[in-house]
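**Student:** Can you look at this prediction? I've put the sequence above it.
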Amino acid sequence: MKIRLDVGGEKFEGEINKEMNPETAEALIEEMPLEGEAQKWGDEFFFEIPVDVEEENPKRYVSKGEIGYWPEGNCFCIFYGKTPGSLSEDRIRPASPVNVIGRITEPEKLDKFEEGVKIKVSEA
C-alpha cells in the first residue's frame, strides 16, 4: 500500500508491506491518518499513535528508510540514520525491537527537521 508522509510541510512517499507484519500493518492502516509531534532519538523520529499491538516478528536492527511500530511505546517510527544505540549506518538499533511495516523514499532528507516537527501519515 502506498502512503504519503507530510513532515513539516514537505511530502515523502512510502509504502506499507502487509506481508512483513500483517496484524501491525492492518492496525495502523485502520487508524490512518496518523498524526503527531515528532520526538527524536538520534536520526529516528517517533510519535505516539492510538494503536496497541504486541511484538510481531520484531527486529532488533533496522535499515535506513524503514518505518515501523514500537510496541513498547505505542509509537510510529521513521528511521533515517543512526540512533545513539546504533553500531553503524548499516546496523541501526532502535531503543527496543520494532515491528517493521515498510519504507519511505529519500530518508536522508529528514535530517533537516527538528524534534517537534508535525508528521502526518496517510494513504497515498
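**Tutor:** Ah, there it is. Predicted model only: the values in this text are computed from it and were never measured.

**Student:** mind showing which ranges of the chain have poor pLDDT?
**Tutor:** Counting by pLDDT under 70, the chain shows no low-confidence range.

**Student:** residue boundaries of the strands in the chain?
**Tutor:** All strands of the chain, identified by DSSP state E, fall at 2-7, 10-16, 34-37, 39-40, 44-48, 66-70, 75-79, 99-104, 118-123.

**Student:** now those in a markdown table, with distance to G85 and mean neighbour count?
**Tutor:** Using the backbone N, CA and C atoms, a C-beta is placed for each residue, glycine as well. Shown next, in a markdown table, are those (distance: least, C-beta to C-beta, whole Å; neighbours: other C-beta atoms under 10 Å):
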| stretch | distance to G85 | mean neighbour count |
| --- | --- | --- |
| strand 2-7 | 23 | 18 |
| strand 10-16 | 23 | 16 |
| strand 34-37 | 22 | 16 |
| strand 39-40 | 14 | 15 |
| strand 44-48 | 10 | 22 |
| strand 66-70 | 13 | 24 |
| strand 75-79 | 12 | 25 |
| strand 99-104 | 16 | 23 |
| strand 118-123 | 22 | 16 |
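
**Student:** Format the ones you listed as JSON lines; extra columns: distance to L110.
**Tutor:** Listed next are the strands of the chain as JSON lines, based on distance: least, C-beta to C-beta, whole Å:
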{"stretch": "strand 2-7", "distance to L110": "6"}
{"stretch": "strand 10-16", "distance to L110": "8"}
{"stretch": "strand 34-37", "distance to L110": "15"}
{"stretch": "strand 39-40", "distance to L110": "10"}
{"stretch": "strand 44-48", "distance to L110": "7"}
{"stretch": "strand 66-70", "distance to L110": "11"}
{"stretch": "strand 75-79", "distance to L110": "7"}
{"stretch": "strand 99-104", "distance to L110": "8"}
{"stretch": "strand 118-123", "distance to L110": "10"}
